[in-house]
Structure formats: C-alpha cells, structure tokens
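Undergrad: sequence below, structure please.
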Amino acid sequence: MEIVKKIAKLIDVKTIVTFSVVGGVIFLAVTGVLEPNKLFELSMIIVTFFFSRKANE
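TA: Below you'll find the model as predicted:
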C-alpha cells in the first residue's frame, strides 16, 4: 500500500506539467525545431524548478 501512496503523490498537477513540458522540449529537439544547447538550458531550468519545489515542501 505504501507504493500506491507514493505513486499517488507523484501524480499531481506540477508533476504532470513538468513532464509534459520536458517531453515537448525533447520532441522539438528531436524534430530539429529546437537547438540542442537550448534543449539543455530549458531542461535544466525545468528540472531544477521541479526538484527545488519538492525539497521546499
């Protein structure tokens, strides 16, 4: 049951938004619309924000 609770905590709005934005950025990079260096910058900003928000809660 503890695993179910942990999975339920992961599925919140911030997590869904973060993963969808990262997925969108990766898609744009794979299709060639976004430059690789921009991909790195955007991914680091998003992931840093996600984990800093989790650490503060």
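Undergrad: tell me where the protein has helices.
TA: For the chain, the helices defined by DSSP state H cover 2-10, 13-31, 36-56.
Undergrad: can you put the ones you listed in CSV and add mean pLDDT and mean neighbour count?
TA: (C-beta placed from N, C-alpha, C; glycine too.) What follows is the helices of the chain, written out as CSV (pLDDT from 0 to 100; neighbours: other Cβ atoms under 10 Å):
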stretch, mean pLDDT, mean neighbour count
helix 2-10, 77, 9
helix 13-31, 79, 13
helix 36-56, 74, 12
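Undergrad: any idea how far stretch 33-42 is from the chain center?
TA: Averaging C-alpha positions (Cα atoms, centre = their mean, to the nearest Å) puts stretch 33-42 15 Å from its chain's average.
Undergrad: export that stretch to CSV, keeping only CA atoms.
TA: What follows is stretch 33-42, C-alpha atoms only, in CSV (Å, rounded to 0.1, in the frame of the first residue of the first chain):
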residue,chain,number,x,y,z
VAL,A,33,12.9,22.8,-34.3
LEU,A,34,14.9,23.5,-31.2
GLU,A,35,18.7,23.7,-31.0
PRO,A,36,20.5,21.2,-28.7
ASN,A,37,22.0,23.9,-26.5
LYS,A,38,18.5,25.4,-25.9
LEU,A,39,17.3,21.9,-25.0
PHE,A,40,19.9,21.6,-22.3
GLU,A,41,19.1,25.1,-20.9
LEU,A,42,15.3,24.6,-20.8
